[in-house]
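1. give me a 3D structure for the following:
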Amino acid sequence: MADILSSFIAIIILLSLGAFIIISVLTRILFFISEQISLTNIYHRYKTEENEGEYFKEKLLKMCACNFNLTVPVILSFMFIVKNTMPSSNFSSDLGFIVSLILTLGTLVSLRILSNPTNQGFKPKLITYFKNSADKSEQLKIYKERMSSFFFSFISATLLFILVAFFYGVTVGYTQIEEYMSIVLNPTTIHFPWYDFGLLFLCYTVLLVGFTAWGELILKRYVPLLQLE
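-> This is a model prediction of the structure:
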């Protein structure tokens, strides 16, 4: 009886500790990601002598910071998906990393543009069915929220799978860093020296700033339909 009681208490403590860690980590991560994604669909008017707003430099710096903050979770999400959709015999972690960088670069810039529908180019056809300006504005807000929710759901769901795999590894007794790395990549297929990964990430950083600026120029040219003062 004493052994059963001890086992019961140990299981309760283990489950409680695991749940507490997951809640503590997951809530902070998801809150941070949600906040960063929400910032991408906020677009202020350009500052003029008559209107309050933001200068191009301010927009660019804010969006670069936002994209940098989202880079790691988005890269991890794509690496996890690439690894688990490719046949094990054909999967290369080197190529998976490069593909993930490319997908992340395009995704972050697309998120900013798609979350701010414009007068031309990215104007939702749905609003043409509404005559009242208030109804159009409401539909645009729904559209913006839908785009943010889509990207948030994609990132958060993938990170949740990664977290589950991580805690599974803890449970079964992973002891090597390579075992945990295998969740998002295959350590045996890494052929790049580590400094090459650093060089790739540096190139990615330069391209991210350039593509972020390009995205802001697109929004400046076509003018988002919903703008804040």
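
2. so what's the residue most central in space within the chain up against?
-> The centroid of the chain falls nearest to Val74 when counting by Cα atoms, centre = their mean (4.0 Å). By Cβ atoms under 8 Å, 6 or more residues apart in numbering, the residues touching Val74 are Leu103, Thr104, Thr107, Leu108, Ile155. The C-beta positions use only the backbone N, C-alpha and C, and glycine is treated the same way.

3. quick one: buried residues of the strand or helix carrying the fourth one?
-> Mapping Leu108 onto the secondary structure by DSSP states H and E places it in helix 93-114. Within helix 93-114, the residues that count as buried by 16 or more other Cβ atoms under 10 Å are 93-94, 96-97, 99-101, 103-105, 107-109, 111-114.

4. next secondary structure after it?
-> For helix 93-114, the following helix or strand on the C-terminal side (DSSP H and E) is helix 133-172.

5. and which of the contacts of Val74 is nearest Leu17?
-> Closest approach to Leu17 among the contacts of Val74 (Cβ to Cβ): Ile155, at 26.4 Å.

6. got a list of what that closest one touches?
-> Neighbour list for Ile155: Ile33, Ile37, Leu70, Pro73, Val74, Ser77 [criterion: Cβ under 8 Å, 6+ apart].

7. cutoff 10 Å now
-> Counting by Cβ atoms under 10 Å, 6 or more residues apart in numbering, Ile155 touches 29-30, 33-34, 36-37, 70, 73-74, 76-78, 107.

8. swap in Trp214?
-> Each residue near Trp214 by Cβ under 10 Å, 6+ apart is listed here: Val109, Ile113.

9. tell me the angle the one helix or strand it maps to makes with helix 93-114.
-> Element membership of Trp214, judged by DSSP H and E, is helix 194-222. Counting by axes from the mean of the first three to the mean of the last three Cα atoms, to 10 degrees, helix 194-222 lies at 20 degrees to helix 93-114.

10. may I have the secondary structure class of Glu49?
-> What DSSP: H, G, I helix; E, B strand; the rest coil gives for Glu49 is coil.

11. wait, isn't Ile22 in contact with Leu163?
-> Yes: Ile22 lies in contact with Leu163 (Cβ atoms under 10 Å); the separation is 6.8 Å.

12. hey, what's in contact with both of these two?
-> Counting by Cβ under 10 Å, 6+ apart, Ile22 and Leu163 have no contacts in common.

13. the closest residue to Phe152 other than its chain neighbours is in what secondary structure piece?
-> Counting by Cβ to Cβ, 6 or more residues apart in numbering, Ile37 is the residue found nearest to Phe152 once chain neighbours are left out, at 5.1 Å. Assessed by DSSP H and E, Ile37 sits inside helix 2-40.

14. for that helix, which residues meet the burial criterion?
-> Buried positions in helix 2-40, judged by neighbour count with 16+ other Cβ under 10 Å: Ile29, Leu30, Ile33, Gln36, Ile37, Leu39, Thr40.
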